[in-house]
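Asker: Task: produce atomic coordinates for the following.
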Amino acid sequence: MITMPARKPRRSAAATRRAPLLLDRAAASRRLADDTYDVLVVGGGITGAYAALDAASRGLRTALIEKDDFASGTSSKSSKMVHGGLRYIEQGNVNLVRHSLLERHRFRQNAPHLVHRLPFLFPVLEKEGVFDARLAKGFEGLLWTYDLVGGWRIGKLHQRLTVPEVLAQAPTLRAENLKGGLLYFDARTDDARLVLTVARTAAALGATVLNGVRADGLLMSGGRVAGAKVTADGDTFEIRAHAVVNATGVWTDELDAQADAGHAPQVRPAKGVHIVVPWDKVRINCTVTVPIPGRARRATCTRWGNTVVLGTTDEDYQGSPDDVHCTRQEMEFLLEGANTAFEGKLTPDDVVGSIGGLRPLVGGKEGATLDMRRDHHITIGRTGMVTVTGGKLTTSRHMGELVIDKVMTVLGRSARSRTARLPLLGGAGYDAEAVAASGGLAAHLGERYGTEARFVGDLVQQDPTLAEPVVPGLPYTRAEVVYAARAEMARSVDDVLSRRTRARLFARDASAGAAQAVGELLGAELGFSQAQIERSVADYLSSVRHERSILLEGAAA
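Answerer: Here you go, the predicted model:
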């Protein structure tokens, strides 16, 4: 049996549980149809999930619905950084950086199993770098500001590195123009698992959470929003609520228009893309920031296990928000940036996975999205619906708190937020050093489930074949597929391979080979017919083919 080292847990309603929290779809659907809620949150990304958690923590009767899967939109396709944002200091938005760094600290306290410290390296080059030695002194001033306004909370200050120290972190960096480097510290997370954990923590505190629920329209009473008409699992019903939150990200304007026919669109989508290549092609041990030739932009290269994730963000996007992928052109300029900075030669054949996502920026249509501010916007519309837009993953907890402050205004009630010091499921009592030292399967599960890893370990204890990997070469086990079906509301092969695990991102083609096995495991747990299993497998394979065609064949999105 896999056991997790533990220390004395912090007091919390979401503290270490004696039994797994099993989420029952049928029971959740019945509650949604039968009950009347204080607040209905529409949108199961990180902002909606944290709004639901904040509401539940204040004692509100809370419902959270998502039309597809938790984090299936922007929140599983982010840069996966929990950070203050050096760029925002450059833009003069020091208050956002200060607040983001405080929220980063809270994430590391409340979800230590999911948010991990990560070093960031800026090489200083004589020419053709992000900046040269002349500019490095000024940039170090930014790093001092970063440290002073909250970066220090991570336990390390920025450092100047010599050329050998830089090459120890990134041995394949081209050394001919290298003059040294600057190293500072931020954090990263598996964004999809973070969202899921926030939603499950809300459920542990009494919220009704359900994915696969499409809001077809809003209910109105006396000119005020009073819930939503929804479709879930083929059934149509009404969810009644005294307050409704629109946390649908890039789809925000669509729902706002249902609440107010005179609504003027506010959201300006900005596209970000990432590609994944094998680690042995780049061999870095941190995140390295490199320039993209011919563009006033930077790309980040981050080690993630046996892979490296290369990405950049913030290009205007005009297409469908329901079909966003990295294109061949975007892949090629990321490869070009990496090949300029590192020795060796990355080609499209080296790309094992990719993602494209949209950030819901709020503002005018003029100017580059790169220069737009990342502050959130929370409003109460004329029909009483609370809408939240903008912001960033790092500040999602505080956004959720402010959203529910507005909800309390709508309800005419008062209660203080409790989420600043509320551990997420698996976080209370988690000892990161002990888990890392344990190695093997225990360490892998610990860094994904925290103290709840023992529930997945129990499945392996009962059936040792569940310790086998789902996808060859990746650490995810068959037990995690079973647990995803029982406790994490996974409904499809895509839910498992794209978000409950990240197999699709880190090994797209290999994950396709595992689709049938995942479908069979899900079918056994959820009572699917063979036709349902085959449909889920076929849908996943079709989606992977579509993604690959856009990336490698240059097909139109």
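
Asker: quick one: R548 and L541 touch, right?
Answerer: No. Checked against Cβ atoms under 8 Å, the pair R548 and L541 is beyond contact range at 10.5 Å. Backbone N, C-alpha and C define where each C-beta goes, glycine included.

Asker: R106 sits in which helix or strand?
Answerer: helix 94-110 (DSSP states H and E).

Asker: Report the distance from that helix to the chain centre.
Answerer: The gap between the average C-alpha position of helix 94-110 and the chain average comes to 16 Å, counting by Cα atoms, centre = their mean, to the nearest Å.

Asker: angle of the following helix or strand past it against helix 94-110?
Answerer: If you walk from helix 94-110 toward the C-terminus, the next helix or strand you reach (DSSP H and E) is strand 115-125. What separates the directions of strand 115-125 and helix 94-110 is an angle of 130 degrees, with axes from the mean of the first three to the mean of the last three Cα atoms, to 10 degrees.

Asker: D233: how many residues sit nearby?
Answerer: 11 (other Cβ atoms under 10 Å).

Asker: That one contacts N211, correct?
Answerer: No. At 10.4 Å, D233 and N211 do not qualify as touching, with contact defined as Cβ under 8 Å.

Asker: OK, contacts around G523?
Answerer: Applying Cβ atoms under 8 Å, 6 or more residues apart in numbering to G523 gives the contacts 529-530, 532-533.

Asker: ok, now A51?
Answerer: Counting by Cβ under 8 Å, 6+ apart, the residues that A51 touches are 41, 245, 247, 388, 399-400, 403-404.

Asker: what about 10 Å?
Answerer: Contacts here follow Cβ atoms under 10 Å, 6 or more residues apart in numbering; on that basis A51 touches 39, 41, 43, 62, 64, 198, 202, 245, 247, 378, 386, 388, 396-397, 399-404, 406-407, 419.

Asker: Against D38, how distant is the residue lying farthest from the centre of the chain?
Answerer: The outermost residue of the chain relative to its centre, with distances by Cα atoms, centre = their mean, is G222 at 37.8 Å. As for G222, its distance to D38 is 17 Å (criterion: Cβ to Cβ, to the nearest Å).

Asker: For burial, what's the neighbour tally of L411?
Answerer: Counted by other Cβ under 10 Å, the residues lying close to L411 total 16.

Asker: My error: substitute S414 in the last question.
Answerer: Around S414 there are 9 other residues, counting by other Cβ under 10 Å.

Asker: what sits against it?
Answerer: If you count contacts by Cβ under 10 Å, 6+ apart, then S414 has 58, 405, 408 around it.

Asker: try 7 Å this time
Answerer: Contacts of S414 were listed using Cβ atoms under 7 Å, 6 or more residues apart in numbering, and they are M408.

Asker: Over to the one 10 residues further on?
Answerer: When the contact criterion is Cβ under 7 Å, 6+ apart, the partners of L424 are 14, 110-111, 197-198, 201.

Asker: so it sits in a strand?
Answerer: No. According to DSSP: H, G, I helix; E, B strand; the rest coil, the state of L424 is coil, so it is not within a strand.

Asker: And it, how close does it get to L114?
Answerer: Distance, L424 to L114, by Cβ to Cβ: 7 Å.

Asker: Now stretch 113-129 - C-alpha only, CSV.
Answerer: What follows is stretch 113-129, C-alpha atoms only, in CSV (Å, rounded to 0.1, in the frame of the first residue of the first chain):
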residue,chain,number,x,y,z
HIS,A,113,1.3,19.4,-3.9
LEU,A,114,0.3,21.2,-7.0
VAL,A,115,2.3,24.5,-7.0
HIS,A,116,6.1,24.0,-7.1
ARG,A,117,9.0,26.5,-7.0
LEU,A,118,10.7,26.8,-10.4
PRO,A,119,13.9,28.7,-11.4
PHE,A,120,13.8,31.1,-14.3
LEU,A,121,16.9,31.9,-16.3
PHE,A,122,17.5,34.9,-18.5
PRO,A,123,20.8,34.4,-20.5
VAL,A,124,22.8,37.7,-21.0
LEU,A,125,24.1,37.7,-24.5
GLU,A,126,26.5,40.0,-26.4
LYS,A,127,24.0,40.2,-29.2
GLU,A,128,20.7,38.7,-30.4
GLY,A,129,19.4,38.0,-26.9
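
Asker: Tell me the gap between that stretch and the middle of its chain.
Answerer: 20 Å.

Asker: what sits up against the helix holding R106?
Answerer: Helix 94-110 is contacted by residues 82-85, 88-89, 115, 146, 149-151, 153, 187, 374-375, 394-395, 397-398, 420, 422-424, 427 when judged by Cβ under 7 Å, 6+ apart.

Asker: Apply 8 Å and report the result again.
Answerer: 82-86, 88-89, 114-115, 117, 145-146, 149-151, 153-154, 186-187, 189, 373-375, 392, 394-398, 419-424, 427.

Asker: Next up, the contacts around the residue positioned nearest the centre of the chain.
Answerer: For the chain, the residue whose C-alpha lies nearest the mean C-alpha position (Cα atoms, centre = their mean) is D191; its distance is 2.3 Å. When the contact criterion is Cβ under 8 Å, 6+ apart, the partners of D191 are 46, 71, 75-78, 80, 393.

Asker: 7 Å instead?
Answerer: Taking Cβ under 7 Å, 6+ apart as the criterion, D191 is in contact with 71, 75-76, 78, 80, 393.

Asker: ok, of those, which come out buried?
Answerer: Among the contacts of D191, those classed as buried by 16 or more other Cβ atoms under 10 Å are 71, 75-76, 78, 80, 393.

Asker: Between those residues, which sits nearest R283?
Answerer: R283 has its nearest neighbour among the buried ones among the contacts of D191 in K80, at 20.2 Å by Cβ to Cβ.

Asker: Kindly provide the distance from that closest one to G439.
Answerer: Distance of K80 to G439, computed by Cβ to Cβ: 24 Å.

Asker: For the closest residue to H398 other than its chain neighbours, grab the count of nearby residues.
Answerer: If you skip the residues right next to it in sequence, H398 has E103 as its closest partner in space, 5.7 Å away by Cβ to Cβ, 6 or more residues apart in numbering. Applying other Cβ under 10 Å, we find 23 other residues in the vicinity of E103.

Asker: With adjacent residues omitted, what lies nearest to A52?
Answerer: Distance criterion Cβ to Cβ, 6+ apart; nearest residue to A52, sequence neighbours excluded, is L64 at 3.8 Å.
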